[in-house]
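A.B. asks: turn this into a structure:
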Amino acid sequence: MMKEDWLLFAKVAQYQSFSEAARRLSTPTTTVSRRIQQLESQLGERLFIRNTRSVTLTEFGQRLLPKTKLLEMALEELQSTIESHSQEISGKLKLSTSDTLSQFLLPSLISSFSSQHPLINFNISSSNRNEQLLNENIDFSFRIGQLEDSNLIAYKLCEIEYVLVAAPSFIEKSTIDITPETLIQHPCIIIDIDGKEVPWFVSSDDHVLELNTYKKYRVDNLFIAKSLAESGNGITLLPKFVAKEAIKTNTLVTVLDNVNIQKNPLSLIYFDKHFLSEKSKCFLKYIKEQRSHIESVINPTI
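C.D. replies: Numbers count the residues shown, from 1 in each chain. Coordinates of the predicted model:
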């Protein structure tokens, strides 16, 4: 017995006619009749009462019909799933981001997206240098700061909030008050990426000013800056999402809380939207829908 025979049985019962069932299924009437006869022979029971005017179910046929309907519905659902699966977007996306974002932001974003689009694979690179998207075939890059290459598109996800922090031990042993003016006398830990120093900007009376600092340490990684600060080596500037746990455990404390530190944009960098692949369009749409989640991760309450 084949599942197709039971589907023929269900159709003949539905239309109470061999010829109508055959027409609906685009199958010769003789084929339908023969298959039903073979099914009855295998069962050792008649399924239909046939006469010149109609076809009706036997008592045995009536008992089997509900189960056959379930089979028919299950097969239709299976076919729909197969067709839907064949239409799912697939391929590989190459992403780039900084070391810190790769740990704090990307895992939750990728996990949720992958559950929705299981046929899309990822190649993710983590680096604090600014790659050339074209040269390295990168589809999207999560980056902090202003976009320098005008040939690319920067979709702003949020504004990153920063805090100036130092270890309690550093503050205790300091003999000079910590003020914007005295930062030039305190050892500071500066981020330097691709040979470019990340300046400390503050906003004051609609003006943006750069704080003068004693650049005791230069590092290319926020985690290194955080570790140096926790060890009492100096003052550093960290995004809130990086400093949160250290502040919570009191290994770092904020300083100069009354200073309005300028925010930095977090953007998704990519090429001209008119030439995006379907998988890229899908990912971009998803990221845009996740802006509120991204904001909550990047700028936590501390």
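A.B. asks: now do the helices in the chain.
C.D. replies: Ranges of helices in the chain, per DSSP state H, are 3-15, 18-24, 29-43, 59-87, 99-104, 106-116, 168-173, 222-230, 240-248, 278-289, 291-298.
A.B. asks: lowest-confidence stretch among those?
C.D. replies: Lowest mean pLDDT within the helices of the chain: helix 59-87, a mean of 73.
A.B. asks: could I get the helices of the chain as TSV with mean neighbour count?
C.D. replies: Heads up, the C-betas are built off the backbone N, CA and C, glycines and all. Formatted as TSV, those follow (neighbours: other C-beta atoms under 10 Å):
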stretch	mean neighbour count
helix 3-15	19
helix 18-24	17
helix 29-43	15
helix 59-87	12
helix 99-104	18
helix 106-116	14
helix 168-173	13
helix 222-230	20
helix 240-248	18
helix 278-289	16
helix 291-298	15
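A.B. asks: now these in CSV, with distance to Ser204?
C.D. replies: Below are those laid out as CSV (distance: least, C-beta to C-beta, whole Å):
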stretch, distance to Ser204
helix 3-15, 77
helix 18-24, 79
helix 29-43, 86
helix 59-87, 56
helix 99-104, 28
helix 106-116, 35
helix 168-173, 24
helix 222-230, 24
helix 240-248, 21
helix 278-289, 34
helix 291-298, 24
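A.B. asks: for these, which one sits closest to Leu266?
C.D. replies: Leu266 lies closest, by C-beta to C-beta, to one member of those: helix 291-298, at 6.1 Å.
A.B. asks: elements contacting that closest one?
C.D. replies: Counting contacts by 3 or more C-beta pairs under 8 Å, 6 or more residues apart in numbering; DSSP states H and E, helix 291-298 is packed against helix 106-116, strand 153-160, helix 240-248.
A.B. asks: hmm, back to that, what's the closest of the helices of the chain to Ile190?
C.D. replies: helix 222-230 (8.0 Å).
A.B. asks: got the angle for the closest one vs helix 240-248?
C.D. replies: Calculated by axes from the mean of the first three to the mean of the last three C-alpha atoms, to 10 degrees, helix 222-230 forms an angle of 30 degrees with helix 240-248.
A.B. asks: now render the helices and strands packed on helix 291-298 as JSON lines, adding distance to Thr182.
C.D. replies: Output for these, formatted as JSON lines (distance: least, C-beta to C-beta, whole Å):
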{"stretch": "helix 106-116", "distance to Thr182": "38"}
{"stretch": "strand 153-160", "distance to Thr182": "26"}
{"stretch": "helix 240-248", "distance to Thr182": "21"}
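A.B. asks: please report how far the residue lying closest to Arg143 once chain neighbours are set aside lies from Phe104.
C.D. replies: Spatial nearest neighbour of Arg143, excluding adjacent residues (C-beta to C-beta, 6 or more residues apart in numbering): Ile269 at 5.4 Å. Here Ile269 is placed at a distance of 18 Å from Phe104 (C-beta to C-beta, to the nearest Å).
A.B. asks: Thr56 too?
C.D. replies: Distance from Thr56 to Phe104, by C-beta to C-beta: 69 Å.
A.B. asks: do the same with Asn151
C.D. replies: On the measure of C-beta to C-beta, Asn151 and Phe104 end up 29 Å apart.
A.B. asks: then Ile153?
C.D. replies: For Ile153, the distance to Phe104 (C-beta to C-beta) stands at 24 Å.
A.B. asks: again with Gln38
C.D. replies: Gln38 sits 65 Å away from Phe104, going by C-beta to C-beta.
A.B. asks: please apply the same query to Val198.
C.D. replies: 18 Å.
A.B. asks: and if you look at Asp272?
C.D. replies: Taking C-beta to C-beta, one finds Asp272 at 29 Å from Phe104.
A.B. asks: next: Ile224.
C.D. replies: Applying C-beta to C-beta to Ile224 and Phe104 gives a distance of 16 Å.
A.B. asks: what's the burial count for Met256?
C.D. replies: For residue 256 the amino acid is Leu, not Met. 19 (other C-beta atoms under 10 Å).
A.B. asks: do Asp139 as well
C.D. replies: Count around Asp139 with other C-beta under 10 Å applied: 22.
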